[in-house]
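Undergrad: Please work out how this folds:
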Amino acid sequence: MTQRKCSDVTTPPGNEDGGQDLYSEDLKKKTRSSIWWTVFRVASDQLFSFVVFVILARVLSPHEIGTFAIAYVFSEVGRIIAVGGLAQDIARAKTMSPALADTVFWTNLILALVVALTALVLARPVLGLMHQPDAAGPLQALGFVLPISALGATHMALRLREFGHKSLALRSVVSGTMGGGAAIAAALAGWGVWSLVIQRFVTEVVSTITSWHAHKWVPGRGFSFAQLRTIAGFGANLTLTQIIFVLVARVQDVIVGAMISAAAVGTYRTAWRTTELIAVGAIQPFTTVALQTLSRLQGDREGMVKAYRWMLSTSAVISFPALVGFGVVAPDAVPAIYGAKWVEAGHLAQAFAFMVVPFTLNYFAGPVLSALGMGANMRTLAIVQLVLTVALTMLAAPYGIFAVACAYVGRAYLTLPLQIWFLRQSAGITLRITLRAIAAPFFASAIMGVAVWCIMAAVRPHISVALVAVLVGVAAGIVIYSVALLALSRQIRGVVRRQFVTRILKRPAK
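TA: Residues are numbered from 1 along each chain as shown. Just a heads-up that it's a prediction; the model follows:
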């Protein structure tokens, strides 16, 4: 394998000149192409993840899934410490040097080994204090997944810097398929919670191998303490911010496990995971590309606002109806798909659907602030979210996991104004810009949600098979949302007219 010169990967022409329109046609083309490849990756990921999760949820118990979820909280924090922050400096760098790549690679690997050893030593005493000793073994094993992840993180960051989202898509499909297959085989063989640990091992091994294949670069001896000092500030801020954001989403698992039970964590996590599968599939294709695109537009705030508005509005057209529609059918869909033992998870998923607005907006705030180097703002936002999440969850936990879910939804709306204020201060993205981007899909989704709720109430008594009723509701929702969106959005009507009507008129007569 030949070593690739990282200095060949530079900022696109025009980025050095602040007088040029940095949101050029070439950058738009790369952004759209990367989004389509990310759509393919996320769609295949979510579809296969859904199939795997359905099988595992039917085979494993809520206690086993909850035990893994508790271990995974600590593992995910360790992963961010090891590979989360510094890799983002590769995306932000105006020019790429071998010293930067080598420094990021070796630092990530050393941190991963340190975290793995820390998990090995501390897992049992820490989880014993939390009255969750069953999670200690899985956590110790997950710690040694981190060095495997670190071996491929820099390679993929370099590839994504070149808008190599096709490589990421192929890597994700292959690793997800092999990891999911291994988990199903282990679960059917009776391995319980360890089937989920095996899934992580297989997925990360395959991901690392494909990352090296996608970007044929061999780490050298260019590690530089001077380079590390240069990137450490932003990297540390971003790492801390990412840890806090992970805790915002997962600290409830720890609190629910300590105050209620591991089985309650399994039910809660199943409801959230199902909602997340839908939301991520609709939003992540845009936010994955957003950091690369917006980083190129650091010197062109007008172009950044245009890119943000386009990606947010396009994402909302998909994510809003997906989340609202799922929320309506969740009480019927979740137990029908996963089994009767998950009835409570269906009602929790319905509560999570009310997060539709902050869920979508939260995904886009990170790339904007990260591209502008606003690590302090990101950290402040994350800390406020974490403090409120912990406080509200502990207040709600004595009343059960449905109260915990409602508290989490409420927290999302309480912190939304602070996020909007940061976007205005750092990038000039005002509340009006954001509201105009999401208005049409929001109102169209609200109309659809009310209509589908009425339809489900009418058909449920007459259809004995729950999935059939769900399919009726979904089909009706697609039609109602499409009509409502066309009526409310001039932009969507223009796209339809250009793509279909104009082509028909231009078609030569036979």
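Undergrad: these two touch, right, V59 and A189?
TA: No - in this structure, V59 is not within contact of A189 by Cβ atoms under 8 Å, at 10.0 Å. C-beta: built from backbone N, CA, C; applies to glycine.
Undergrad: out of these two, which sits in the busier spot?
TA: V59 (19 against 11; other Cβ atoms under 10 Å).
Undergrad: Please give the element, helix or strand, for the nearest residue to that one once chain neighbours are set aside.
TA: In space, V59 comes closest to A187 once its chain neighbours are excluded; the distance is 4.5 Å by Cβ to Cβ, 6 or more residues apart in numbering. Using DSSP states H and E, A187 sits in helix 165-188.
Undergrad: how about the CA coordinates for that helix, as PDB?
TA: Output of helix 165-188 as PDB, limited to C-alpha atoms (Å, rounded to 0.1, in the frame of the first residue of the first chain):
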ATOM      1  CA  HIS A 165     -19.500   9.800   0.900                       C
ATOM      2  CA  LYS A 166     -19.800   6.900  -1.700                       C
ATOM      3  CA  SER A 167     -17.000   5.100   0.200                       C
ATOM      4  CA  LEU A 168     -18.700   5.800   3.500                       C
ATOM      5  CA  ALA A 169     -22.000   4.400   2.100                       C
ATOM      6  CA  LEU A 170     -20.300   1.200   0.900                       C
ATOM      7  CA  ARG A 171     -18.400   0.800   4.200                       C
ATOM      8  CA  SER A 172     -21.600   1.200   6.200                       C
ATOM      9  CA  VAL A 173     -23.600  -1.300   4.200                       C
ATOM     10  CA  VAL A 174     -20.900  -4.000   4.300                       C
ATOM     11  CA  SER A 175     -20.100  -3.500   8.000                       C
ATOM     12  CA  GLY A 176     -23.700  -3.200   9.100                       C
ATOM     13  CA  THR A 177     -24.700  -6.300   7.200                       C
ATOM     14  CA  MET A 178     -21.900  -8.400   8.700                       C
ATOM     15  CA  GLY A 179     -22.400  -7.000  12.200                       C
ATOM     16  CA  GLY A 180     -26.100  -7.400  12.100                       C
ATOM     17  CA  GLY A 181     -25.900 -11.000  10.800                       C
ATOM     18  CA  ALA A 182     -23.400 -11.900  13.500                       C
ATOM     19  CA  ALA A 183     -25.700 -10.500  16.200                       C
ATOM     20  CA  ILE A 184     -28.800 -12.400  14.900                       C
ATOM     21  CA  ALA A 185     -26.800 -15.700  14.800                       C
ATOM     22  CA  ALA A 186     -25.500 -15.100  18.400                       C
ATOM     23  CA  ALA A 187     -29.000 -14.200  19.700                       C
ATOM     24  CA  LEU A 188     -30.600 -17.200  18.200                       C
END
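Undergrad: Now do that helix: distance to the chain's middle.
TA: Remark: helix 165-188 is offset 17 Å from the chain centroid, using Cα atoms, centre = their mean, to the nearest Å.
Undergrad: can you list contacts of the helix or strand following it?
TA: Next in sequence after helix 165-188, counting helices and strands by DSSP H and E, comes helix 194-214. Residues from elsewhere that reach helix 194-214 (Cβ atoms under 8 Å, 6 or more residues apart in numbering): 1, 52, 56, 60, 65, 68, 75, 138, 141-142, 145, 148-149, 151-153, 155-156, 159, 164, 167-168, 170-172, 174-176, 178-180, 182-187, 189, 191.
Undergrad: residues of helix 194-214 that come out buried?
TA: For helix 194-214, a neighbour-count test (16 or more other Cβ atoms under 10 Å) marks 194-211, 214 as buried.
Undergrad: do the same with stretch 180-197
TA: For stretch 180-197, by 16+ other Cβ under 10 Å, it's 180, 182-184, 186-187, 191-197.
Undergrad: Check the model's average confidence along the helix or strand where P125 lies for me.
TA: Per DSSP H and E, P125 falls inside helix 98-129. Within the predicted structure, the mean pLDDT of helix 98-129 is 89.
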